[in-house]
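Asks: Below are the sequence and a predicted model for it; my questions follow.
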Amino acid sequence: MAKRQDAYFRSLEKDARRWVAKGLIEEEQRVKILSESRAFAEGVDTPPQVEPASRQAATAPRKAAKTTQAGAPERDVVGWLPTVMVGIATLLVGVGILLFYAANWRFMSTTLKLSQIFLLLTGLYGAAFYGLAVRGSQLFGRAFLFLGLVAFGAAIGLIAQIFHISAHPSNGVLLWAIVAASMSWLLRDVASAYLSAALLLVWNLWEVSVYLQPNAWFALAIVGLVALFVRCASRLGLVFTAAFSLVLFFQLNFHALWRIRDNAGYSLDMALFAGALACLPLGLLCLALGRFLERWPLAAWAKVFFGSVGLLLLWGPLIGVSWPLNFSVLYPHLTGFAAFLIFQYIAFLAIAQLLSSYTEQSTGKKASPLFSWMSLAAIALFVLPLGDKRVLLITTHLGLLLTVFMGLGDSFLSLSVSRVERSVAWMLAIATLFIKMFAFIGLGIESRYYYVAYVLGFVMFGVVFFLCNLLVEHVLRQQKRSFPVSYLQGLGVLLSYATFYILSFKLVDTQTNIFQASYFVVVLLVFFVVLASALFLYLIFQSAQKLPVALCGAIFLATCIGLFASGPRWSWVAYSLYFNIILFLMVALLLFYSVKINSVRLVYFALGGLILQVITRYFDVLWELISGSLLFIVTGLLVMVGGYLLNRQRRLLLEVIEASRQQGQAGRGGVQ
């Protein structure tokens, strides 16, 4: 009961904030509503809730099973324990029936086989009828009903084996699924609905993998499952159906692309490239469906699923094709590839826009910025000449940044976004940084002579990422929403420091100036510079956090110098000195910033980076000059002295931070 009350009050508090934001109630009224509700809950177990009629009918057997003879509800553990035990027993008996016939079938005569099959079905369904209709025992009656459906599936296979029926055996699975769905529809049995959904998925995969027959008519199974799970009031079932629909979409698309590859002579890479971009309208459609389903409590989990998957479908294609890929055959644009992709692209984009417009008119809520901007991006990617690598790299990176940061912004701006959707937005942002870091370093190792340029290219991308994070925080601050800006800030600083640390080691190959690289690489790096400069100028004048913007500008300037001035005139000693200077500069800036924001963690991080750099450079320089034993003795003495001095400086820093905190608290107390 306590959990239900907590969930109720969290939902009520979220709704009350939304009412205040819309101007429906005042802040004092919101506080009064919450206090009155909590006072009411002290005398009543749970606040009053009204459920839809379909939900009441579906949950009536379970509520009845949870009620004692005196009419008082039992404890949750006591109510659920018999259900769990009967469920496990049902699965064990069902598996036992299948294993029994699989092991002893060949030793039985035909008459015995048929008689056992019909006797088993009659007995199980008779027990189900007795439990449901005569005794009124929902738990055991539905358990025998489920066993009867398992036995029915076994009977299909056994009779097919007796009479040697081998033509298209997947039809037996389809018949089994239809019978299970019929039982579920008539009795509103959730277990039978789950069995039917699982069998339809098996039938679909069997048809596609064995007979290579993906078919658009399979969508009728999706429609049937939606109706079935709505009748049974199953949230999990609707999520399963949503996932099933996406599986069907990718089956049909992959099959069509494979046929085009064989018939038209396109390579598999080009087919996958076009298919990946075709996922963008599907992602927009999923986002529109998620907002459309917000009004139905039964579809709450499906709404979370579509919102999360929609963000993934926008992010995945963009991160996948944001590389210097050779798709000049698609020039001038995607419309020259396949007719069915054109139709699908336009149709999904149009349906998403219509659904979003309908939701906006019916609820009064405007479409999210992510949906609006990515709709424009999807249109741009459809008409732009993606065969030109410059266009491909700029548009995909810009779309990637829009997807990541507008997804994060929407997750904190909208009160209807769940924790799952917000977690997905965070994971995509973190994954983008790590994927780009390893990819740029890998490209640098592969190119050898442009190693420094590629690695610094990631630092430039990290600067843009850092500034976009500050831009989201600035926009949400204007909307009076909080945003934990420090998470991505800390990760960006950590990866940038690690990148400069990698560059500070001795280079094997002589580096070539970046302006001698391929034209599209130069264009992409210049794009990063221009975008970072624009963000820097905007934030330095508009944002409240000017100090981190200024510190980021210092790293940005140092990166630009190293990126565009590097070349064969620089020896590895010059590179090492330059990047070590940048590392010391980063440590100094972090220590300065940690004192300004009173962050003890940032102090430890900066000092840890300094220790790592000093020890690395010490061994790197002196290892070949003196013997190993003497080096370790001298190192131990120096580390001991350094530890004493560092501890002394650390204490001074912590004292400064503590004094600054006390002054801030005293200032706030004086204002109050």
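Replies: Happy to help now that I have it. Quick caveat, the model's predicted, so the values are computed rather than measured.

Asks: so what pLDDT did residue 179 get?
Replies: With respect to pLDDT, residue 179 scores 92.

Asks: correction: residue 556
Replies: Predicted confidence (pLDDT) for residue 556: 90.

Asks: which residues sit in contact with it?
Replies: Contacts for residue 556 (Cβ atoms under 8 Å, 6 or more residues apart in numbering) come out as 460, 463, 532, 536. Where you see a C-beta, it was placed from the backbone N, CA and C, and this is true even at glycine.

Asks: And the helix or strand hosting it, how far out from the chain middle?
Replies: When elements are assigned from DSSP states H and E, residue 556 belongs to helix 546-565. Remark: helix 546-565 is offset 31 Å from the chain centroid, using Cα atoms, centre = their mean, to the nearest Å.

Asks: Ok, stretch 404-421 next?
Replies: Relative to its chain's centre, stretch 404-421 lies at 11 Å (Cα atoms, centre = their mean).

Asks: cool, stretch 544-560 as well?
Replies: Chain-centre distance of stretch 544-560: 30 Å, with Cα atoms, centre = their mean.

Asks: Likewise for stretch 534-546?
Replies: Mean-position distance between stretch 534-546 and its chain equals 30 Å (Cα atoms, centre = their mean).

Asks: what's the answer for stretch 446-454, then?
Replies: In terms of Cα atoms, centre = their mean, the centre of stretch 446-454 is found 32 Å from the chain centre.

Asks: can you pull the buried residues of the host helix or strand of residue 372?
Replies: Residue 372 is part of helix 369-383, with elements assigned from DSSP H and E. Residues 369, 370, 371, 374, 375, 377, 378, 381, 382 are the ones in helix 369-383 that count as buried (16 or more other Cβ atoms under 10 Å).

Asks: I'd like the distance between the last one and residue 277.
Replies: Okay, so that is residue 382. 8 Å (Cβ to Cβ, to the nearest Å).

Asks: try the fourth one
Replies: In this structure, residue 374 lies at 13 Å from residue 277, with Cβ to Cβ as the measure.

Asks: by contact count, what packs against the helix or strand harbouring residue 462?
Replies: In the assignment (DSSP H and E), residue 462 maps to helix 451-478. Under the contact definition 3 or more Cβ pairs under 8 Å, 6 or more residues apart in numbering; DSSP states H and E, helix 451-478 sits against helix 389-413, helix 419-447, helix 486-503, helix 519-542, helix 546-565.

Asks: what's the most centrally placed residue in the chain in contact with, if anything?
Replies: Here the mean C-alpha position of the chain is nearest to the C-alpha of residue 424 (Cα atoms, centre = their mean), at a distance of 3.0 Å. The contact partners of residue 424, by Cβ under 8 Å, 6+ apart, come to 308, 311, 312, 407.

Asks: which of the residues you listed lies closest to residue 575?
Replies: Ranked by distance to residue 575 (Cβ to Cβ), the contacts of residue 424 are led by residue 407 at 37.5 Å.

Asks: Please report how far the closest residue to the closest one other than its chain neighbours lies from residue 450.
Replies: Of all residues not flanking residue 407 in the chain, residue 425 sits nearest, at 4.3 Å (Cβ to Cβ, 6 or more residues apart in numbering). Distance, residue 425 to residue 450, by Cβ to Cβ: 33 Å.

Asks: Surely residue 155 touches residue 117?
Replies: Yes. Counting by Cβ atoms under 8 Å, residue 117 is a contact partner of residue 155 at 4.7 Å.

Asks: quick one: pLDDT of the closest residue to residue 386 other than its chain neighbours?
Replies: Nearest non-adjacent residue to residue 386, counting by Cβ to Cβ, 6+ apart: residue 392, 4.9 Å away. With respect to pLDDT, residue 392 scores 85.

Asks: Many thanks, have a good one.
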